[in-house]
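# how would this look folded up:
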Amino acid sequence: MAPVGVPHLTTKDTTLGKHAIPKNTLVITNLWAQHHDADIWPDPLTFKPERFLTTDGQLVLPGESPRKDLFPFGGGPRICSGETLAL
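Predicted coordinates for the structure are as follows:
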């Protein structure tokens, strides 16, 4: 996995939290920081695939925590073209 996402330009003035982001601003996501945030992932440096299983062993749905915070292939129109093959 790359430490940062594919660069994007904002298409309109927008806000992210308290931050104003003008149109045509270059935005690069820090995927490493997002995937190693201890507030989201307890013990983030340890491989724990069971994080993504419910108590009865089913896969957590994409819109539910913690899967909603996982972006191994990026997102949007420039999502990694290898996602289908990898899955």
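# host element of the most centrally placed residue in the chain?
For the chain, the residue nearest the mean C-alpha position is F71 (2.9 Å; CA atoms, centre = their mean). Assigned by DSSP states H and E, F71 falls within no helix or strand.
# shaky segments in the protein?
Within the chain, the stretches with pLDDT under 70 are 1.
# what ranges do the strands span in it?
Taking DSSP state E, the strands of the chain run over residues 8-9, 14-16, 19-21, 26-27.
# check those for me and report the most buried one.
Burial of the strands of the chain is given as mean neighbour count (mean count of other CB atoms under 10 Å); strand 8-9 ranks first at a mean of 12. For glycine as for every other residue, the C-beta is placed from the backbone atoms N, C-alpha and C.
# who does that strand pair up with?
For strand 8-9, the pairing partners within the sheet under DSSP bridges are strand 26-27 (antiparallel).
# can you pull the contacts of I28?
V4, G5, P7, H8 (CB atoms under 8 Å, 6 or more residues apart in numbering).
# ok, the third one - contacts?
For P7, the contacting residues are L26, V27, I28, taking CB under 8 Å, 6+ apart as the criterion.
# what is the nearest of these to T15?
The shortest gap between T15 and any of these belongs to V27, at 12.5 Å (CB to CB).
# wait, doesn't that closest one sit right on T14?
No: under the criterion of CB atoms under 8 Å, V27 is not in contact with T14, lying 9.7 Å apart.
# pull up the overlap in contacts between these two.
Counting by CB under 8 Å, 6+ apart, the common neighbours of V27 and T14 are I21.
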